[in-house]
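Chemist: here is my input; please provide its structure:
(chains A and B)
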Amino acid sequence: MRLIKNTWKNRALLFMALPAVVLFILFNYVPMFGLVLAFKEFNFSKGIWGSEWCGLENFKYLFMVGDTAWRLTRNTVGYYLLFTAVGTVANVAIAICINEMVLKRAAKFFQSCMILPNFISYIAVSFVVYAFLKSDTGIVNKLLLAMGGSNCSFYLDAEYWPLILLIVKIWKETGYGSVLYLSVLTGIDPNLYEAASIDGAGSWQKLKYITLPFLVPMVITMTLLGLGSIMHSDTGLFYQVTKNSGALYSTTQVFDSYVLNSIMNSVNYGMTSAVTFFQSVVGFIMVMVTNLIIRRYSPENALF
Amino acid sequence: MSKKKKLGLGQGILTACMAAYAIICLLPMLLIVVVSFSSDASINSKGFSFFPTEWSLKAWEYVGGYGKQLIVSYGVTIFITVVGTVLGLLVMSMFAYTLSRKCFELRKHLAILMLITMLFSGGQLSTYLVETGMYGMKDSIWALILPGISAMHIIILRTYIQSNVPDALIESAKIDGAGEYRTFWQIVFPMMKPSLASVGFMKAIAIWNDWNKAYLYITSPNKTPLQLLLIRVEKNIDYLIQNQSDIPASEYAEMMKTLPQESGRMAILLTALGPIMIAYPFFQKYFVKGMTMGAVKG
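Modeler: Reported below is the predicted structural model:
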């Protein structure tokens, strides 16, 4: 009752909140209920709500037939771990290097160059990667030939792609990723370093005992925040850069690119709906668990 | 950091390494430019290279001569970027403002409504089926504009209001007789400028670079944004001339033979990337700010 009264009193505020509420309901909440499709047999003419129920049929296909579920989970989580581990090290390393540079102007300019790839769409990136990897005329193949190697059809050979995708990802995101760590580094009191120098510490010791400990909380925070998206991947990287090449699926297909592919080809909606359901639920559990962990160790960073 | 560090050997190596990495970050951009000015014969014989054996303007002639679709796509991209960003900022800043008002009790419920969207999502398939099946957004430009508010951005805006607009200021505006709308538009909104700039640029770049939505929803050429145009061109370079009905069939076949394949693609890519490259130095600082704003959550 009091709530209603208060809301009526502040109805102007309610009106201001309304557009966002409507958008949230239309584009976030209604699709959430659309997940029931995982338990239905999709029929194009009847739509999500009109299709017949079919129990766990879709899940049976997903988990019993073939290795789709295992492959997608392994690739998604595997790349997530790989990107997080290497990405964090690269971000921290670049931040420390830029911070250590004496020529501040040059450092600033270099940093700008490093951030630039972050603003280029993955479509553009896929053009460039193609120029490097194309068989016969790609730059990498020309180099291989020049060094006496043989031509390699990268778009047909799955084994190289974890490395290729890692390089592309690091190239694109490290500059921007280091910004946050750099902002921590510039906040460290210079007197600390001076005191350490007077006590006879070398630059290696200063790095180990002053710089790195200051960065640890930020590293933990960023890693924990990222855990929530463990089931999601950038389709730009996994769908566009790989040119959605079927020969590469074993090492490159992740949940999001699988779903995108089946929507584009309008095939197998049953299994796809089971995949998205699985992805959403596991993603949700991951966020909840992560938040519990964050709340215990650093409550100020908790989401709720 | 010791105040006076010498420019010794260590610094030299460090600077050289950083310079090398910065160059590596820029090289792909240079490659796009070089290839767009190379002749296709050179690419076919020598491969993609920073040093082509033969330069050529053919790719740019192609883009210049048949660039009608490029202009249309530019228009679409600029339209969705501007409208999407402005609408998104309006809706999100109003919502953030109501979340920041302590006298508004419903705000707690609204915050929960927003948080749930960060925790749980319907996924691509169900979103696609709902938007095309129920809202009829297949091949509609609104599919690219409307679903454009994010909880993360709202949190950045709300935090900014809470830490930069004192409650006393809002109270005094109230006492002077300003209603909620007036308080928001004339006092709070102008004070939010730095956060609006950061969120706005993040949003604008996200819309400009988004291809996924367009790829799923858009089918007709006159609604094709730049990123989707790039996807189409990647598949077949003649996409630009396909939609020009004034070219006779015989001439069309002749043209197909001489189309600059690889260099043409890169030239189209460069025209699509151009504005971001040019505007980059101006908006870069807003991203750096936005990144640190987002990390310090209230």
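
Chemist: who are the packing partners of the helix or strand of chain A with the lowest mean pLDDT?
Modeler: For chain A, counting by mean pLDDT, DSSP states H and E, helix A:47-50 ranks last in confidence among helices and strands (a mean of 81). When contacts are defined as 3 or more Cβ pairs under 8 Å, 6 or more residues apart in numbering or on different chains; DSSP states H and E, helix A:47-50 packs onto helix B:123-129. Every C-beta, even on glycine, is put in place using the N, C-alpha and C of the backbone.

Chemist: now the helix it packs on: how far from the chain's centre is it?
Modeler: 22 Å (Cα atoms, centre = their mean, to the nearest Å).

Chemist: residues in contact with it?
Modeler: By Cβ atoms under 8 Å, 6 or more residues apart in numbering or on different chains, the residues outside helix B:123-129 that reach it are A:27, A:31-32, A:34-35, A:37, A:47-48, A:256, A:259-260, A:262-263, A:269, A:272-273, A:276-277, A:279-280, B:121, B:147, B:216.

Chemist: of those, which belong to helices?
Modeler: Among the contacts of helix B:123-129, the ones falling in helices (DSSP state H) are A:31-32, A:47-48, A:256, A:259-260, A:262-263, A:269, A:272-273, A:276-277, A:279-280, B:216.

Chemist: which residue is the nearest non-sequential neighbour of B:Gly264?
Modeler: Nearest residue to B:Gly264, sequence neighbours excluded (Cβ to Cβ, 6 or more residues apart in numbering or on different chains): B:Ala59, at 4.6 Å.

Chemist: helix, strand or coil for the one you found?
Modeler: helix (DSSP: H, G, I helix; E, B strand; the rest coil).

Chemist: pull the contacting residues for it.
Modeler: B:36-37, B:260, B:263-264, B:266-267.

Chemist: ok, of those, which one's closest to chain A?
Modeler: Nearest to chain A out of the contacts of B:Ala59 is B:Met266 (Cβ to the nearest Cβ; 6.8 Å).

Chemist: touching, that closest one and B:Asp40? I think so.
Modeler: No. Counting by Cβ atoms under 8 Å, B:Asp40 is not a contact partner of B:Met266; they are 10.9 Å apart.

Chemist: in the stretch 201-304 of chain A, what residue lies closest to chain B?
Modeler: Closest point on the stretch 201-304 of chain A to chain B, by Cβ to the nearest Cβ, is A:Thr276, at 3.4 Å.

Chemist: contact partners for that residue?
Modeler: A:Thr276 neighbours (Cβ under 8 Å, 6+ apart): A:35, A:38, A:255, A:259, B:122-126.

Chemist: one more: A:Asp256?
Modeler: Taking Cβ under 8 Å, 6+ apart as the test, what A:Asp256 contacts is A:232-235, A:238-239, B:124.

Chemist: mind doing that once more with 10 Å?
Modeler: Neighbouring residues of A:Asp256 by Cβ atoms under 10 Å, 6 or more residues apart in numbering or on different chains: A:72, A:76, A:231-239, A:275-276, A:279, B:123-124, B:212.

Chemist: cross those residues against strands and list the overlap.
Modeler: Per DSSP state E, strands hold no members of the contacts of A:Asp256.

Chemist: if any of the contacts of helix B:123-129 are buried, put those into a PyMOL selection.
Modeler: Applying 16 or more other Cβ atoms under 10 Å in any protein chain shown to the contacts of helix B:123-129, the buried members can be selected in PyMOL as follows:
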select buried, (chain A and resi 27+31+32+34+35+37+47+48+256+259+260+262+263+269+272+273+276+277+279+280) or (chain B and resi 121+147+216)
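
Chemist: mind showing which ranges of the stretch 201-304 of chain A have poor pLDDT?
Modeler: A:301-304 (pLDDT under 70).

Chemist: with distance to B:Glu105 as added columns, please give the contacts of A:Thr276 in TSV.
Modeler: Rendered in TSV, the data for the contacts of A:Thr276 read as follows (distance: Cβ to Cβ, whole Å):
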residue	distance to B:Glu105
A:Leu35	32
A:Ala38	37
A:Phe255	40
A:Val259	40
B:Gly122	29
B:Gly123	33
B:Gln124	36
B:Leu125	38
B:Ser126	33
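
Chemist: wait, which of those is closest to B:Leu230?
Modeler: B:Gln124 (20.8 Å; Cβ to Cβ).

Chemist: so what's the residue count around the closest one?
Modeler: Using other Cβ atoms under 10 Å in any protein chain shown, B:Gln124 has 24 other residues around it.

Chemist: state the distance from it to A:Thr272.
Modeler: Applying Cβ to Cβ, to the nearest Å, the value for B:Gln124 to A:Thr272 is 9 Å.

Chemist: find residues that contact each of these two.
Modeler: Common neighbours of B:Gln124 and A:Thr272 (Cβ under 10 Å, 6+ apart) are A:255, A:258-260, A:262-263.

Chemist: hey, which helix is longest across chain B?
Modeler: Max-length helix for chain B by DSSP H is helix B:261-295.

Chemist: go on, chain A?
Modeler: Using DSSP H to define each element, chain A has its longest helix at helix A:68-100.

Chemist: in that one, what's buried?
Modeler: Buried residues in helix A:68-100 (16+ other Cβ under 10 Å): A:68-69, A:71-73, A:75-77, A:79-80, A:83, A:87-88, A:90-92, A:94-100.

Chemist: hmm, the host helix or strand of A:Tyr249 in reach of chain B?
Modeler: If you go by DSSP states H and E, A:Tyr249 is part of helix A:249-252. No. Helix A:249-252 stays clear of chain B (Cβ under 10 Å from any Cβ of the partner chain), getting no nearer than 16.8 Å.

Chemist: so what secondary structure elements neighbour that helix?
Modeler: The contact analysis (3 or more Cβ pairs under 10 Å, 6 or more residues apart in numbering or on different chains; DSSP states H and E) places helix A:249-252 against helix A:68-100, helix A:161-185, helix A:255-264.

Chemist: the shortest one versus helix A:68-100: what angle between them?
Modeler: Spelled out, it's helix A:255-264. 130 degrees (axes from the mean of the first three to the mean of the last three Cα atoms, to 10 degrees).

Chemist: equivalent analysis for the second one, please.
Modeler: Using the same axes, to 10 degrees, the inter-axis angle of helix A:161-185 relative to helix A:68-100 is 40 degrees.

Chemist: quick one: list the elements packing against the helix or strand just after helix A:161-185.
Modeler: Next in sequence after helix A:161-185, counting helices and strands by DSSP H and E, comes helix A:190-198. Judged by 3+ Cβ pairs under 10 Å, 6+ apart, the packing partners of helix A:190-198 are helix A:203-206.

Chemist: report the distance from the helix it packs on to the chain centre.
Modeler: 33 Å.

Chemist: same thing with stretch A:258-276?
Modeler: 21 Å.

Chemist: likewise stretch A:88-107?
Modeler: 23 Å.

Chemist: ok, it near chain B or not?
Modeler: Yes. Stretch A:88-107 reaches chain B (Cβ under 10 Å from any Cβ) through A:94, A:96-103, A:106-107.

Chemist: which ones are touching B:Pro190?
Modeler: Here B:Pro190 is in contact with B:Leu196 (Cβ under 10 Å, 6+ apart).

Chemist: same check on the one 4 residues further on?
Modeler: With contacts defined as Cβ under 10 Å, 6+ apart, B:Pro194 is in contact with B:160, B:164, B:286, B:289-290, B:293.

Chemist: identify the farthest-apart pair in these.
Modeler: B:Asn164 and B:Tyr286 (16.2 Å).

Chemist: which of those two has more neighbours?
Modeler: Using other Cβ under 10 Å, the more surrounded residue of B:Asn164 and B:Tyr286 is B:Tyr286, with 21 against 12.
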